[in-house]
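K.L.:
just to be clear, the model below is a prediction. Sequence and coordinates:
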Amino acid sequence: MPDALPFDKGERLKTFRHLGRLFAQMWRTSPWLMGLSIALRLVVAIQPPLVLLLTKLIIDEVVHQTSLGVPGPELSDWLESGRLSFLMALLAGEFVLVFARDAFNRAINVVDNILGESHSNAVSLELMEHAAKLDLKHFEQSEYQDRLERARRQASSRSTVISQVFGQAQAMITAIALAAGLFVYAPLLIGLLALALIPAVWGEFRFNRLAYWISHNRSPERRQLEYLRQIGASADSAKEIKLFGLGEFLSGRFRGLSEQILIENRNLSIKRALQTGLLASISTLTYYAAYAYIVWRTLHGEFSIGTLVFLSGSFSQLNGYLQQILIGFTQIAGQSLYLDDLFSFFEIKPTILDPKHPKAFPLPVKQGLVFENVGFRYPGSENWAVRNLSFAVPAGETLALVGENGAGKTTIVKLMTRLYDPDEGRITLDGIDLKEFATADLRTHIGVIFQDFLRYSFTASDNIGVGRIEVAGDRDRIVSAAEQSLADPVIRKLPEGYDQMLGRTFLKGQDLSGGEWQKIAIARAYMRNAEIIILDEPTAALDARAEAEVFTRFKNLAEGTTAVLISHRFSTVRMADRIVVLADGKVEEQGTHGELMANGGRYAELFELQAQGYR
Ligand SMILES: Nc1ncnc2c1ncn2[C@@H]1O[C@H](COP(=O)(O)OP(=O)(O)OP(=O)(O)O)[C@@H](O)[C@H]1O
């Protein structure tokens, strides 16, 4: 357990700033509900001292009435004498107060629940919107993934802090009213109370900090646990886990990791229970000391019986409220520490930004894309993924990128679409640096299908519609895209056709073969009418006939479109107008199929190697 905690004054200030931010966020979610919650609590806050006061008056009145003697044996005698009217009014008053408190508390509960849910939905949306703005590097680096995980955990649970803050304000109003009553009769008792609370508050504060830092420092392990839980029990991994017999191995790992965390939390809980229990008994002791003091003064005739009840009730309640308030403060401070996880995620800023005055995307593209001496290293990596890279993708031509695994092909696609910016050199489109376009504009005009495209658990129609979300409702366009990518016959065979739910996640979802999924993914690119189309090995799972057909169609349909294809199949690659051969992040050779074959270099070697396999 860490002893020196990184929790200084500045950190504490930040905590309270976050609280203000959360407050504003909730107010934006629903000013009405928040106002209502505050108003209801104000009413409930002044109820306890009023009830105590009425009780005191009732007791004093009863004592007074009994000292006057009995007007008669029956209730009617009492009623006729009129001596019960004040008592009855007091009783009725107390009844109304207690009844109203119950009703108002229920209403507060309802309002807080609705407010909490709306707020957690609003924060989740904000989180998704912010995540969408971040760079790819924020998702590919584990440090950011930890932050994302922490923020995600907080998004749905932090609204309770505001209920706590409101409850705190309510308890403070009640405490002030109770203290005022006590102060009138016995000011000394207030000081006694304050003393009794100091150790309890210190204990709470310390444990909250410890709990937070344990949870904070454990975030990588929790992500691992989440990962193990997911692959240990998911449809995607079931096949491999069964065949490799990994069940035991995974659950063993999970057990080891989770037990470590469990032991830490258990130790903290036990320590907390023991220490806070001890501190609580100090305050009980104080209560009885104060009680004895009041009884003693009553015996001396300084207080009436009603006042005795009022004071002991006030003291006991005030003790409870003050504990609640002080512990509440440390709890709120503790909870607000977690707010840092949420808000610091919102502070991560994208680095791939739009220029102040973006240039318009050239329509049509006249010259094409040019890589000028481009170098790029993935963040946190020592090695250059690509370096001194120079080649052109002339407008209207199909360029194939060829190279062994890890040669840098996918990296080039990420650079072309500004998922990353080069560290050296530049990439231009019709002579304009890609950084001078608005990223959204650039990406709208480029259709990319990656080798690890997503298989959405949506309907077949939506799975294609996501290729251009603005027209995802246009069924004719979707069908035509599906026809171009050969996905149409696949979809027509499904029981519900284009409305068939795909994937295994949801009820009635139907899974497809790898090649069938690829045809659907390729249809996404056809949704775009993009100026530049990039297919990064999306045909790897297609059978040879389907791949040949997909590319012949692609060549015909993409006539005049600038296209980049990445494929390990040379029968496809040879259809391209130009071929760039990459090795270790550099261009090794380039030219047409004929030229490269004549060169007798690496391309010719690889081509021959594959051709031999078929002979
Ligand atoms: N997110 C990443 N972080 C760090 N390094 C990466 C990342 N992605 C790729 N690399 C490294 O960059 C280099 C180029 O990878 P890239 O994915 O571009 O290869 P590729 O030619 O597409 O390979 P393949 O044919 O296997 O798909 C490799 O050395 C790879 O290990």
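P.N.:
In hand now; what should we look at?

K.L.:
which SSE is the one residue sitting closest to the centre of the chain in?
P.N.:
The C-alpha lying nearest the average C-alpha coordinate of the chain belongs to R152 (C-alpha atoms, centre = their mean; 2.2 Å). Using DSSP states H and E, R152 falls within helix 142-155.

K.L.:
related to what we said a few turns ago, just checking, the residue nearest to the centre of the chain touches L127?
P.N.:
Yes - with contact defined as C-beta atoms under 8 Å, R152 reaches L127; the gap is 6.8 Å. For the C-beta atoms, the positions are set from N, CA and C on the backbone; glycine is no exception.

K.L.:
before we move on, the earlier item: hey, C-alpha coordinates of the helix holding R152 in PDB?
P.N.:
Extracted as PDB, the C-alpha positions of helix 142-155 are listed here (Å, rounded to 0.1, in the frame of the first residue of the first chain):
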ATOM      1  CA  SER A 142      -1.900   1.100 -23.700                       C
ATOM      2  CA  GLU A 143      -1.400   4.200 -21.600                       C
ATOM      3  CA  TYR A 144      -4.400   5.900 -23.200                       C
ATOM      4  CA  GLN A 145      -6.400   2.700 -23.100                       C
ATOM      5  CA  ASP A 146      -6.000   2.700 -19.300                       C
ATOM      6  CA  ARG A 147      -7.300   6.300 -19.200                       C
ATOM      7  CA  LEU A 148     -10.200   5.400 -21.500                       C
ATOM      8  CA  GLU A 149     -11.000   2.400 -19.300                       C
ATOM      9  CA  ARG A 150     -11.000   4.500 -16.100                       C
ATOM     10  CA  ALA A 151     -13.200   7.200 -17.700                       C
ATOM     11  CA  ARG A 152     -15.600   4.600 -19.000                       C
ATOM     12  CA  ARG A 153     -16.000   3.200 -15.500                       C
ATOM     13  CA  GLN A 154     -16.700   6.600 -14.100                       C
ATOM     14  CA  ALA A 155     -19.200   7.700 -16.800                       C
END
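
K.L.:
and the next helix or strand past it?
P.N.:
Per DSSP H and E, the helix or strand that comes after helix 142-155 is helix 159-185.

K.L.:
figure out how far that following helix is from the centre of its chain.
P.N.:
Counting by C-alpha atoms, centre = their mean, to the nearest Å, helix 159-185 is centred 33 Å from the centre of its parent chain.

K.L.:
same question for stretch 588-601.
P.N.:
For stretch 588-601, the distance to the chain centre is 51 Å (C-alpha atoms, centre = their mean).

K.L.:
so for the helix holding R152, what's the average pLDDT?
P.N.:
Helix 142-155 shows a mean pLDDT of 76.

K.L.:
that one vs helix 159-185, what angle?
P.N.:
Orientation check (axes from the mean of the first three to the mean of the last three C-alpha atoms, to 10 degrees): helix 142-155 against helix 159-185 gives 50 degrees.

K.L.:
buried residues in helix 142-155?
P.N.:
Going by neighbour count (16 or more other C-beta atoms under 10 Å), the buried part of helix 142-155 is Y144, D146, R147, L148, E149, R150, A151, R152, R153, Q154, A155.

K.L.:
mind giving me the packing neighbours of that helix?
P.N.:
Packing partners of helix 142-155 (3 or more C-beta pairs under 8 Å, 6 or more residues apart in numbering; DSSP states H and E): helix 85-133, helix 137-140, helix 219-232, helix 305-346.

K.L.:
can you redo those as a markdown table with mean neighbour count and distance to T410?
P.N.:
Shown next, in a markdown table, are the helices and strands packed on helix 142-155 (neighbours: other C-beta atoms under 10 Å; distance: least, C-beta to C-beta, whole Å):
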| stretch | mean neighbour count | distance to T410 |
| --- | --- | --- |
| helix 85-133 | 15 | 21 |
| helix 137-140 | 16 | 12 |
| helix 219-232 | 15 | 23 |
| helix 305-346 | 20 | 27 |
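
K.L.:
quick one: which of those helices is nearest the ligand?
P.N.:
The ligand lies closest to helix 137-140 among the helices and strands packed on helix 142-155, at 4.3 Å (C-beta to the nearest ligand atom).

K.L.:
and the stretch 251-400 of the chain, which residues reach the ligand?
P.N.:
The stretch 251-400 of the chain has residues Y378, S381, A385 near the ligand, with proximity defined as C-beta under 6 Å from any ligand atom.

K.L.:
how is the second one assigned, secondary-structure-wise?
P.N.:
Under the three-state scheme (DSSP: H, G, I helix; E, B strand; the rest coil), the conformation of S381 reads as coil.

K.L.:
that one and K586, how far apart?
P.N.:
Note on S381: its distance to K586, by C-beta to C-beta, to the nearest Å, is 17 Å.

K.L.:
mind listing what's buried in the lowest-mean-pLDDT helix or strand in the chain?
P.N.:
Within the chain, judged by mean pLDDT, DSSP states H and E, the helix or strand with the poorest mean is helix 544-557; its value is a mean of 72. By neighbour count on 16+ other C-beta under 10 Å, the buried set for helix 544-557 is A546, E547, A548, V550, F551, R553, F554, K555.

K.L.:
who are the packing partners of that helix?
P.N.:
For helix 544-557, the packing partners by 3+ C-beta pairs under 8 Å, 6+ apart come out as helix 514-526, helix 570-573.

K.L.:
next SSE downstream of that helix?
P.N.:
strand 562-566.

K.L.:
what's around the spatially closest residue to E397 that is not a sequence neighbour, how many residues?
P.N.:
Leaving aside its sequence neighbours, E397 sits nearest to D577 (C-beta to C-beta, 6 or more residues apart in numbering; 4.2 Å). For D577, the number of neighbouring residues by other C-beta atoms under 10 Å comes to 15.
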